[in-house]
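*Asks:* The sequence and its predicted three-dimensional model are supplied below.
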Amino acid sequence: MLRKNLCILLCALFLSLAFGACAPQSETPPKQEEPSSSQPASASQPTAYPCKIKKEQALFKAEPLPEETRRKITGVSWVENEHISLDDLSLLTIAYCGFDGEYYLGQMIAANEVAQDLTEIFKELFAEAFPIEKIQLIEAYGADDNLSMADNNSSAFCYRVIDGTDYLSNHSFGRAVDINPLQNPYVRGELVQPDASADYLDRENVRPGMIAPGGCCYNAFISRGWEWGGDWTGPIDYQHFEKPQE
């Protein structure tokens, strides 16, 4: 009887082990990692300018107009003309210090002949922490200079005439730059542009972002042979610098 019970127990143990080895194993699926919110955007996604940067990311470069930029400005700030072609223009990517003390990258377009000048000038202004409100292509305003000024945007190339005349501005040739229009208005008789800049007609009260003789912005341009619209007689353009044709 004892031998019989022992045989039954051994048989039961053998069958239990056999079925256990053949039974499907339940696997715990691997834990899925949560996507990180700090992952960088796709490399194919273009950078929107202006954009905030760290000080050590400052960049000052000039390059031939990329194809995307050519398409963007054609029919807006640039039109077919006999004076300047797209090949005569450079795209500048430049760092600047904002009025908020933060650092930014912006873009503007200028003539090839003055592109190096401008990268050096803006590098100098950056080192001096001269505040600039905004630098972006005037395409953001449909190439409307009044809208660009009202938004205190600093810009360069735009194929257009001088306000109130039929003469082409030096902006049309990419040889002129407007800096902080709000703090540095255009004045012609009773006309003051932009409208909100009337508080800055007192040029003796020099405040951040204003251009004044002897200041770092004035010196950076003048030392490289540029002329300042604040020195003009008649219409005065405090925001404006231009490089005369050689």
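*Replies:* Okay, I see it.
*Asks:* Next, count neighbours for Phe99.
*Replies:* Phe99: 14 surrounding residues under other CB atoms under 10 Å. C-beta coordinates here come from the backbone N, C-alpha and C atoms, glycine included.
*Asks:* so it is in which element?
*Replies:* Assessed by DSSP states H and E, Phe99 sits outside every helix and strand.
*Asks:* who's in contact with the spatially closest residue to it that is not a sequence neighbour?
*Replies:* Closest residue to Phe99 apart from its sequence neighbours, by CB to CB, 6 or more residues apart in numbering: Pro131 at 4.6 Å. Shown in contact with Pro131 (CB atoms under 8 Å, 6 or more residues apart in numbering): Cys97, Gly98, Phe99, Asn180, Pro208, Gly209.
*Asks:* do that again at 10 Å, thanks
*Replies:* 96-101, 125, 180, 183, 207-210, 217 (CB atoms under 10 Å, 6 or more residues apart in numbering).
*Asks:* of all those residues, which comes closest to Gln239?
*Replies:* Asn180 (6.4 Å; CB to CB).
*Asks:* if I look at the residue nearest to Phe99, how far off is Arg70?
*Replies:* 31 Å (CB to CB, to the nearest Å).
*Asks:* check contacts around the residue nearest to the spatial centre of the chain.
*Replies:* Note on the chain: the residue nearest the mean C-alpha position is Gly106, at 2.3 Å, using CA atoms, centre = their mean. Neighbouring residues of Gly106 by CB under 10 Å, 6+ apart: 49-51, 92-96, 98, 122, 132, 134-137, 153-155.
*Asks:* If we use 6 Å, what do you get?
*Replies:* Residues near Gly106 by CB atoms under 6 Å, 6 or more residues apart in numbering: Tyr49, Pro50, Ile135, Gln136.
*Asks:* So which of those sit within strands?
*Replies:* Among those, the ones falling in strands (DSSP state E) are Ile135.
*Asks:* Among the contacts of Gly106, which one has the most neighbours?
*Replies:* Among the contacts of Gly106, Ile135 has the most neighbours (other CB under 10 Å), with 25 neighbours.
*Asks:* Done for today, thanks.
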